[in-house]
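**Student:** Give the three-dimensional model of this entry:
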Amino acid sequence: MAAGKPPIADWIAETYDALRRIEAGDDAGQFARLDQVRADFAPWRARAPRVSDADATALLVPRTIGSSNAAGGR
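**Tutor:** I've put the predicted structure just below:
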């Protein structure tokens, strides 16, 4: 793992597994697992770069599928 790169896939897998176990009725210790993921994620999120409004707008994907139909065929 690159320096400073968060283990996003690990956090997602851990969260998913805990939620599936809760759904199945096996909630023993699962909320503690979710709390740990949150605790691990929070410090990274506090340092993560923020996306400006201008950058966010530039990242938007144009809606091309069906856009001509949605505008009355124009």
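**Student:** Which pLDDT value does the model give residue 57?
**Tutor:** Model confidence at residue 57, given as pLDDT, is 77.
**Student:** neighbours around it, how many?
**Tutor:** For residue 57, the count of nearby residues is 9 (other Cβ atoms under 10 Å). Yep, even glycine has a C-beta here, placed from its N, CA and C like the rest.
**Student:** Now it: which helix or strand?
**Tutor:** Taking DSSP states H and E as the definition, one finds residue 57 inside helix 53-59.
**Student:** So what touches that helix?
**Tutor:** With contacts defined as Cβ atoms under 8 Å, 6 or more residues apart in numbering, helix 53-59 is touched by residue 51.
**Student:** buried ones in that helix?
**Tutor:** Neighbour-count burial for helix 53-59, counted by 16 or more other Cβ atoms under 10 Å, picks out no residue.
**Student:** For stretch 16-35, give me every contacting residue.
**Tutor:** Counting by Cβ under 8 Å, 6+ apart, residues outside stretch 16-35 touching it are 14-15, 37.
**Student:** what mean pLDDT does it have?
**Tutor:** Rounded mean pLDDT across stretch 16-35 is 96.
**Student:** For stretch 8-19, buried residues please.
**Tutor:** Within stretch 8-19, the residues scored as buried using 16+ other Cβ under 10 Å are 11, 14-15, 18.
**Student:** what's the following helix or strand after the helix or strand harbouring residue 11?
**Tutor:** Assigned by DSSP H and E, residue 11 belongs to helix 8-23. Downstream of helix 8-23, the next assigned helix or strand under DSSP H and E is helix 30-47.
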